[in-house]
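Asks: could you look at this predicted model? Sequence included:
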Amino acid sequence: MLYFPQFNRGLWLLLILPLSSQAHEEAGELEEIVVTGRRQVLAGEARTASEGVVGQMELSVRPLLRPGDVLEAVPGLIVTQHSGSGKSNQMFLRGFNLDHGTDFATWVDGMPVNMRTHGHGQGYTDINFLIPETIEQMAYVKGPYHAELGDFSSAGGVHIDTFDRLPESRLTLGVGENGYQRLLGMGSVELDGIYLSGALEGQKYDGPWSDIDEDVQKLNGQLKVGGGNETRNWSTTAMYYENEWNSADQIPQRSVSQGLIDEFGSIDPTLGGDTRRSSLSGQYTHEHEDHRSEWQAYIIDYELNLWSNFTYLLEDPIEGDQFKQEDDRTIYGGSYNRFWVGGLENHFHHSLGAELRYDDIDTVGLHRTQARQYLATIREDSVEQASAGVFYELAWRFAPEWRAVLGIRGDYYWFDVDAQDAANSGDDTDSIISPKASLIYAFSDNTEAYLSGGYGYHSNDARGVTITVDPGTTEPVSSVDPLVRSKGAEIGFRTVWLDSWNTSAAVWYLELESELLFVGDAGTTEASRPSERWGVEFNNFWSLDDVWSLEADFAWTDSEFSDSAIEGNEIPGALEWVVSGAVAAQYPGGLFGSFRVRYFDGVPLIEDGSVKSDSSTMANLALGWSNDKWRVQVEVLNLFDSDDHDVDYFYASRLPGESAEGVEDIHYHVFEPRQFRFYVSRNF
C-alpha cells in the first residue's frame, strides 16, 4: 500500500497508484512510504506542484521566537506580530495580507483552528496552544484545487498532526533575555497495546519593551490515549491552553521621529489580553476488506478578551479610543471519510467525505474602554452558525504517464444572529458548489508536471450578513454576502535532481469576487473590491550529504484590484517578493545547527501606491549538541539586530495636542532586538 502523505495524514487519499513500478501493479501490491519532511519525493503522489510536507526533523532545529513561527516552514508564508505574544499572528501568503488567517485554513489533529464570526477578525487563527516539539508533521497545500478544503482556503491550508507516540520522554528547561523562561515535560508510555502520551508546557516572557512588561504567563497541556491493531485504530486527545499578556501594539512613525517614545515604546501602555482554549477530540479508523473509513469528532471551548487602541484620541479626545473585543464560544464538529479503489485494474481511487461544524457563540462583543475599564458597549451579540460540507474526489491513472484528479465540493451555511440592537438581528442561509481538477504528466519516476484549477471560498462574519444599521453611527448600511467565491489555476512541476535536490516551481492565478469582511475593530462591515493575483514560486531543498542540507524558496506575486477606481488599484499589504533560505547540519556525533534568513519587500499601504513600507530581513541561528540522554541548544533570534518592521499600516490617528481630524501616518511594529535563548533537555 502506498501511503499518501498529503494534506491530512489519514484524512486524504490513502490509496493512489504509484507512478511506475510495474511489478507492484502486476502483483496487486502497493508500497508504503514513510514521510520524513521536505526530503520526501512526492512525485506520483502530489496533486499539485505547490504542496509539501514538513517533519519534526526540520522543525527541531528551527529557531522560534513564537509558536506561530512554525507556519513559516510553509514556503512563501510570512508570520509576523503587531501586538502582544498571546495574540494570533499576522500572516502573508500569495499576495494576501491574511490578517489572522482569513484565506489560509489551519487544522490541528483534525480540528479547525480558524474562527468564524470572531471578535477580532474573520478566520482568526491562534496556534499558541500548540507545543512545537509535539508536531509530527505539517502537510500544506496552496490554492483552491483540493476537494477536502472548505472555508478560508483560497490561498491554501495546512494540516498539523501531533505525535500519537512521542519519540522521546523529555524534560526541557529554557531561559533567555527579557525574562524568558520555559519549562516543558513530555513523554509516552504503552501497556497492553494502549499508549498514553502527554506534554505540559509553562512559559513566561517580559519582552524588550521600554515602558511595559509583556508579562506573558502561558500554560499548555496535551494528553493523548489510543490503541488498535492492523484493522482498527482509535485515539482521544485532550488539550488545554491559557495565556495572559500585555501588548506593545503598532506605533505611529511620528511619535518616534518627534522623540515622544522610542521604537520599543507605547502610546497606550494598558493594552493586552487573556485567552483560554480547551478541546476534546477523537478519531477512529477502520481498514475494511474493500475500503477504509475514518471518523473524527471534536468539541472546543474558547474565550478571548483583547484590549487595543489604534487611533488613540481620534474618536474620543477625552477618554481615548481604547476598545475591548470579546469572544466566548463552544464549537462542535466532526467528519467522516471513506477511501476505496475500483475500476479496471484498480485505476480508480475514490475519496468521499462529509463534515459538520456548529459554533455556539455565547458572546461576541465590542466595548469602549479606558485603561481596560468598561465605558460603553458598541455591539454585543449571540450567534449560532452551522455548516455542512460534502466532497468527492476521483484519482484516475488513465495512461502509464498520465493521472487525473477530479473533485467537487458542496457547502451549506446557516447563520442566526441575536443582536443587542434588534435591527441587526436575523438569520440567513447560503450554499456554494466548488469543482476542482488536476492533470498530471509523469516524465519519470521523480519528475512530474501539473495543471490544476478550482473554485474556493471564504465565509463572511455572520454579523455582517444580517446587519442593517451601523452600531456606532446608527446610519443604514448594507449587508454582505455570506459566502465569497474565489477561483484559481496553477501550472508547475516538481523533480529530484541527482537524488538530492528536491525542487518545485509553479505559476498560479487567483481571483476573488470580493474581499468582503466584517471589520471587528469597528463593529461594522467594509465592502472591498474584486481582486486578482498571479505569481511564481520556486522552492528548493538540497540534501548535500548525510550532514548538510540547504533550503532556498522564492515567491513573487502581482496583486491588484480588478476593477478601476479613482483611489487606485493597489492592494494594501500585498507582498510582492518573499525569499527565505537556510543552511542546516546534523552531525552523527551530536552537533547540529541551523542558520535561517527570510526577506519580504516593501508593500503599498494605500490603493494608489504613494505610501509604501520598507523591506524587512530577519536572520536566526540555532546551535546545539545532543546524545541519547542530553540535548543542549542555543538560539540567537534576530542575529544581526535588525530594526526592520514586522508590519506596517497607514491610517489616521491622533496624539495629544494634534488637530481633531488627526494625522495620517505609517504605524508599525519593530522587530524584537537580538536576544539569546538557552535550552537544556534530559531524555528519559
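Replies: Yep, it's here.
Asks: any idea how far H146 is from the residue lying closest to L149 once chain neighbours are set aside?
Replies: Spatial nearest neighbour of L149, chain neighbours left out: G157 (5.6 Å); criterion: CB to CB, 6 or more residues apart in numbering. For the C-beta atoms, the positions are set from N, CA and C on the backbone; glycine is no exception. According to CB to CB, to the nearest Å, G157 and H146 sit 8 Å apart.
Asks: between the two, which one's more packed in?
Replies: G157 (31 against 28; other CB atoms under 10 Å).
Asks: who does the closest residue to L71 other than its chain neighbours bridge with?
Replies: Counting by CB to CB, 6+ apart, the nearest residue to L71 once its immediate chain neighbours are dropped is V79, at 5.1 Å. Taking DSSP bridges as the rule, V79 bridges to M91.
Asks: longest strand of this protein?
Replies: strand 373-399 (DSSP state E).
Asks: what is it packed up against?
Replies: Applying 3 or more CB pairs under 8 Å, 6 or more residues apart in numbering; DSSP states H and E, one finds that strand 373-399 makes contact with strand 323-342, strand 348-370, strand 402-419, helix 462-466.
Asks: ranking the ones you listed by burial, who's on top?
Replies: Highest mean neighbour count among those (mean count of other CB atoms under 10 Å): helix 462-466, with a mean of 27.
Asks: which strand residues bridge the nearest residue to L394 once chain neighbours are set aside?
Replies: Using CB to CB, 6+ apart and skipping the chain neighbours, the partner closest in space to L394 is L406 (4.9 Å). Using DSSP bridges, the beta-bridge partners of L406 come out as L394, A437.
Asks: residues contacting L406?
Replies: Taking CB atoms under 8 Å, 6 or more residues apart in numbering as the contact definition, L406 lies against 393-394, 396, 436-437.
Asks: could you redo the last one with a cut-off of 7 Å?
Replies: The contact partners of L406, by CB atoms under 7 Å, 6 or more residues apart in numbering, come to 393-394, 437.
Asks: quote the end-to-end distance of stretch 492-504.
Replies: Terminal residues of stretch 492-504 lie 7 Å apart, using CA to CA, to the nearest Å.
Asks: other residues contacting it?
Replies: 38-39, 41-43, 46, 48-50, 446-450, 505-507, 539-544.
Asks: let's see 6 Å
Replies: 41, 49, 446-450, 505-506, 539-543 (CB atoms under 6 Å, 6 or more residues apart in numbering).
Asks: take the residues you listed and, keeping just the buried ones, write it as a ChimeraX select command.
Replies: Command for ChimeraX that selects the buried part of these, burial taken from 16 or more other CB atoms under 10 Å:
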select :41,49,446,447,448,450,505,506,539,540,541,542,543
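Asks: in strands, which of the contacts of stretch 492-504 fall?
Replies: Among those, DSSP E puts 447-450, 505-506, 539-543 in strands.
Asks: between these, which is nearest E345?
Replies: For the ones in strands among the contacts of stretch 492-504, the minimum distance to E345 (CB to CB) is 20.9 Å, reached by E448.
Asks: and D99, which of the helices and strands packed on strand 373-399 is closest to it?
Replies: Nearest to D99, of all those, is strand 323-342, at 13.5 Å by CB to CB.
Asks: what's the closest one packed up against?
Replies: strand 291-308, strand 348-370 (3 or more CB pairs under 6 Å, 6 or more residues apart in numbering; DSSP states H and E).
Asks: the helix or strand hosting G492 pairs with which strands, and in what direction?
Replies: Using DSSP states H and E, G492 sits in strand 483-497. Strand pairing for strand 483-497, determined by DSSP bridges: strand 447-459 (antiparallel), strand 501-512 (antiparallel).
Asks: in CSV: those strands, plus distance to W548 and mean pLDDT.
Replies: Shown next, in CSV, are the strands paired with strand 483-497 (distance: least, CB to CB, whole Å; pLDDT from 0 to 100):
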stretch, distance to W548, mean pLDDT
strand 447-459, 24, 95
strand 501-512, 13, 95
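Asks: among the ones you listed, which is nearest A565?
Replies: A565 lies closest, by CB to CB, to one member of these: strand 501-512, at 15.6 Å.
Asks: got the buried residues for the closest one?
Replies: Going by 16+ other CB under 10 Å, strand 501-512 has these buried residues: 502-506, 508-512.
Asks: kindly report the same for stretch 170-182.
Replies: Using 16+ other CB under 10 Å as the test for burial, stretch 170-182 gives 170, 172, 174, 176-177, 180, 182.
Asks: CA-only coordinates of it in CSV, if you can.
Replies: What follows is stretch 170-182 as a C-alpha-only set of coordinates in CSV (Å, rounded to 0.1, in the frame of the first residue of the first chain):
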residue,chain,number,x,y,z
ARG,A,170,11.9,14.6,27.8
LEU,A,171,12.3,17.4,30.3
THR,A,172,13.3,20.8,28.8
LEU,A,173,14.3,24.0,30.6
GLY,A,174,14.7,27.2,28.6
VAL,A,175,15.9,30.6,29.7
GLY,A,176,16.7,33.8,27.8
GLU,A,177,16.9,37.5,27.8
ASN,A,178,14.0,39.8,28.6
GLY,A,179,12.7,37.5,31.3
TYR,A,180,12.2,34.5,29.0
GLN,A,181,11.5,31.2,30.9
ARG,A,182,10.1,27.9,29.5
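Asks: hmm, who's touching that stretch?
Replies: For stretch 170-182, contacts defined as CB under 6 Å, 6+ apart pick out 183-186, 203-208, 675-683.
Asks: next step: these restricted to strands.
Replies: 183-186, 203-205, 675-683.
Asks: determine which two of those are furthest apart.
Replies: Maximum pairwise distance in these, criterion CB to CB, is 26.5 Å, between Q675 and N683.
Asks: picking that back up, which residues sit in contact with the residue nearest to L71?
Replies: V79 sits next to 68-69, 71-72, 89, 91 when contact means CB under 6 Å, 6+ apart.
Asks: distance to L366 for these - can I get that in CSV?
Replies: Listed next are the contacts of V79 as CSV, based on distance: CB to CB, whole Å:
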residue, distance to L366
G68, 24
D69, 29
L71, 28
E72, 31
N89, 22
M91, 23
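Asks: give me the secondary structure label for D641.
Replies: Three-state call for D641 (DSSP: H, G, I helix; E, B strand; the rest coil): coil.
Asks: give me the nearest residue to it, chain neighbours excluded.
Replies: Spatial nearest neighbour of D641, chain neighbours left out: R674 (4.0 Å); criterion: CB to CB, 6+ apart.
Asks: quick check: closest non-adjacent residue to D643.
Replies: Take D643 and drop its neighbours on the chain: the residue closest to it by CB to CB, 6+ apart is V670, 5.9 Å away.
Asks: how far away is the one you found from W209?
Replies: 10 Å.
Asks: low-confidence regions, the protein specifically.
Replies: Scanning the chain for pLDDT under 70 picks out 1-36, 38-39, 41, 515-527.
Asks: got a list of what the residue most central in space within it touches?
Replies: Among the residues of the chain, the one closest to the centroid is T106, at 4.9 Å (CA atoms, centre = their mean). Counting by CB under 6 Å, 6+ apart, T106 touches 113, 125, 158.
Asks: same question for Y599.
Replies: Counting by CB under 6 Å, 6+ apart, Y599 makes contact with 579, 617.
Asks: what about P604, how many residues close to it?
Replies: Using other CB under 10 Å, P604 has 22 other residues around it.
Asks: can you tell me the closest non-neighbouring residue to it?
Replies: Per CB to CB, 6+ apart, closest to P604 is E570, 4.0 Å.
Asks: spit out the contact partners of that neighbour.
Replies: The contact partners of E570, by CB under 6 Å, 6+ apart, come to 604, 607, 609.
Asks: give me that answer again for 8 Å
Replies: Here E570 is in contact with 559-561, 604, 606-609 (CB under 8 Å, 6+ apart).
Asks: just L623 next, same as before
Replies: 592-593, 633-634.
Asks: lovely, talk soon.
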